[in-house]
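# For reference, the sequence and a predicted model appear below.
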Amino acid sequence: MTEFESKVISKVEKICGEYSYSDIEKREYTNGEIAASIEHTNLKPTATSDDIKKLCEEAVENKFRSVCINPSFIPFAKDLLEGTDVKIVTVIGFPLGAMTTATKIFETENAIKLGADEIDMVLNQGKLKAKNYEAVLFDISKVVKSAGKKPVKVIFENCNLTKEEIIAACVICKEAGAAYVKTSTGFSTGGATLEDVDLMKFCVGEELKVKAAGGVRDFEMACKMKTHGADLLGTSSGITILNSGKSDEGY
């Protein structure tokens, strides 16, 4: 066991002893506050240029923070969003995170060259579960370095992880220089939960921010996620959320 791995295990044990979840009274947010935290998302493999055009138009019209799209659409979205405040977020190592670090580095550099403002990368879940924390640190650190001044969000896929693994991932992300920790891809068996968001915020404190993604489909849940520590909301249901309705959309 390396010194870093021992350090992570020690911090996980400490946080496990200190943390307990408790539901808290939901804070009320305005539509504007919620809209400013929404990353309007379409990562479907079947998405067309027309779908992305609609996504970008909705983001501008509703003053969403950003659009989150697959890398191949970055140049198209960049042209559509020129002169607006809407950021372009793209995904790296998506949705499994199991490709090589070199591949993630190339994807990151290419995405930034094409015009991405922020990077959402998927961590290597297998390495994390095997407690190969050095490898997870290396993977994230290299993407952070490749991104330069562009913020990196690290996607955990919490539905596949234990509480201890989520904590370990948070500890490693802080060490690696990530800007955000993110709950989910939206493409596995479960999305964001209040308990996970609350735990992640407890772990990272004010040093990093938290993005809740997957399953945020109505205004009430959006408010609850933010109350429990979510700074950003990754969702394909932004319009429905602002209309205080509920959507059956997957992401």
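Perfect, thanks for sending it.
# all strands for the stretch 151-251 of the chain, in order.
152-155, 180-182, 209-213, 232-235 (DSSP state E, counting those that start in this stretch).
# what does the second one contact?
Contact partners of strand 180-182, identified using Cβ atoms under 8 Å, 6 or more residues apart in numbering, comprise 120, 151-156, 169-170, 173, 200, 203-204, 208-213, 231-232, 234. Heads up, the C-betas are built off the backbone N, CA and C, glycines and all.
# list the contacts for N42?
Contacts of N42 by Cβ under 8 Å, 6+ apart are D51, I52, L55, V67, C68, I69, S236, Y251.
# Could you pick out which of those are located in strands?
Within these, residues falling in strands by DSSP state E are V67, C68, I69.
# Switch the strands of the stretch 151-251 of the chain over to a markdown table; also include mean pLDDT, mean neighbour count and distance to P95.
Listed next are the strands of the stretch 151-251 of the chain as a markdown table, based on pLDDT from 0 to 100; neighbours: other Cβ atoms under 10 Å; distance: least, Cβ to Cβ, whole Å:
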| stretch | mean pLDDT | mean neighbour count | distance to P95 |
| --- | --- | --- | --- |
| strand 152-155 | 98 | 26 | 8 |
| strand 180-182 | 98 | 26 | 12 |
| strand 209-213 | 98 | 26 | 11 |
| strand 232-235 | 98 | 28 | 13 |
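# want to try CSV for these, with distance to E109 as columns?
What follows is the strands of the stretch 151-251 of the chain, written out as CSV (distance: least, Cβ to Cβ, whole Å):
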stretch, distance to E109
strand 152-155, 13
strand 180-182, 20
strand 209-213, 22
strand 232-235, 23
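# Let me know which of those is the nearest to V86.
Across these, V86 has its closest neighbour in strand 232-235 (13.6 Å, Cβ to Cβ).
# Strand partners (parallel or antiparallel) of that closest one?
strand 38-42 (parallel), strand 209-213 (parallel) (DSSP bridges).
# any chance you could map the strands in the stretch 1-150 of the chain?
Using DSSP E, counting those that start in this stretch, strands in the stretch 1-150 of the chain cover 38-42, 66-69, 87-92, 118-122.
# List the strands paired with the shortest one, with their directions.
By that I understand strand 66-69. Counting by DSSP bridges, strand 66-69 is paired with strand 38-42 (parallel), strand 87-92 (parallel).
# sorry, back to before: quick one, which of the strands of the stretch 151-251 of the chain gets closest to A192.
strand 209-213 (3.9 Å).
# and for that closest one, what are the contacting residues?
For strand 209-213, the external contacting residues (Cβ under 8 Å, 6+ apart) are 39, 41, 120, 153, 155, 179-186, 191-192, 197, 200-201, 204, 225, 229-235, 251.
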